[in-house]
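Student: Let me see the structure of the following:
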Amino acid sequence: MITAPATGHMPKLITLGSGFLLAVLWANLMFDIQVWPHWGNKTLPEEVLSSIATYYARVAIEASPMGYLVGLVMLMTLAVSVRNVFVGLQPRWVRIATFVLLIGPVVAALTVIFPGAQKLASRTDTLNVQSELANALFTAHAVCFAAIFLVLILQFTPRRSG
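Tutor: Below you'll find the predicted structure:
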């Protein structure tokens, strides 16, 4: 029988999930960073697009079903965060900030990152569209990295007394 985590374990589960997600984001950013020197250009160089697209073909398409693990961890972390908002031991502002910081990356993953990575991996669009996708992935991953990093910092905020 699966039971809900004890109230005191919620920050640990959020920390564990966030740490995993931060590692995944770091791996993605190692390829996305190739966009940085060409930021603002309408079209990225072919070697940059090819490198990034090949990476996403491996992780977003060929590595299935492992990609589902990322989604599962993301949803587990968000679910624990929701419960934490209502019954957690951390200060209320920490619990609410944690949830708010987690919801952004989840929405970005569902609306920008997952579909954009699969579309870029297919390499069926024009170079301009592929460049837009690579720029969007880089931006989304950088913003998500910052949000998840802040979630981790918040988990080390002392619990309220009593």
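Student: what comes up buried for the helix of greatest length in the chain?
Tutor: Scanning the chain for the helix with the most residues, using DSSP state H, yields helix 127-154. Using 16 or more other C-beta atoms under 10 Å as the test for burial, helix 127-154 gives 130-138, 140-142, 144-145, 147-148, 150-152, 154. Any C-beta I mention is one placed from the backbone N, CA and C, and that applies to glycine too.
Student: And it, how far out from the chain middle?
Tutor: 8 Å (C-alpha atoms, centre = their mean, to the nearest Å).
Student: Summarise which helices and strands that helix is packed against.
Tutor: Packing contacts for helix 127-154, counted by 3 or more C-beta pairs under 8 Å, 6 or more residues apart in numbering; DSSP states H and E, involve helix 10-32, helix 46-56, helix 92-108, helix 114-122.
Student: I'd like the ones you listed laid out as CSV, including mean neighbour count.
Tutor: Written out in CSV, the entries for the helices and strands packed on helix 127-154 read as follows (neighbours: other C-beta atoms under 10 Å):
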stretch, mean neighbour count
helix 10-32, 19
helix 46-56, 17
helix 92-108, 18
helix 114-122, 19
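Student: picking that back up, got the angle between the longest helix of the chain and helix 92-108?
Tutor: Taking axes from the mean of the first three to the mean of the last three C-alpha atoms, to 10 degrees, one finds that helix 127-154 is oriented at 160 degrees with respect to helix 92-108.
Student: I'd like the average pLDDT over helix 127-154.
Tutor: Here the mean pLDDT over helix 127-154 is 97, rounded to a whole number.
Student: where in the chain is pLDDT low?
Tutor: Confidence mapping of the chain against pLDDT under 70 gives the ranges 1-8, 159-162.
Student: want to throw the helices and strands packed on helix 127-154 into CSV with distance to V70?
Tutor: Shown next, in CSV, are these (distance: least, C-beta to C-beta, whole Å):
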stretch, distance to V70
helix 10-32, 6
helix 46-56, 13
helix 92-108, 11
helix 114-122, 9
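Student: Of those helices, which is nearest V73?
Tutor: Put simply, out of the helices and strands packed on helix 127-154 the one that sits nearest V73 is helix 10-32, at 5.2 Å, with distance taken as C-beta to C-beta.
Student: Wait, H141 touches A27, no?
Tutor: No: proximity of H141 to A27 does not meet the contact threshold set by C-beta atoms under 8 Å, at 9.7 Å.
Student: Look up which helix or strand L75 falls in, please.
Tutor: Using DSSP states H and E, L75 sits within helix 66-87.
Student: tell me which residues in that helix are buried?
Tutor: The neighbour-count check on helix 66-87 (16+ other C-beta under 10 Å) flags G67, V70, V73, M74, M76, T77, L78, V80, S81, R83, N84 as buried.
Student: Many thanks, we can stop here.
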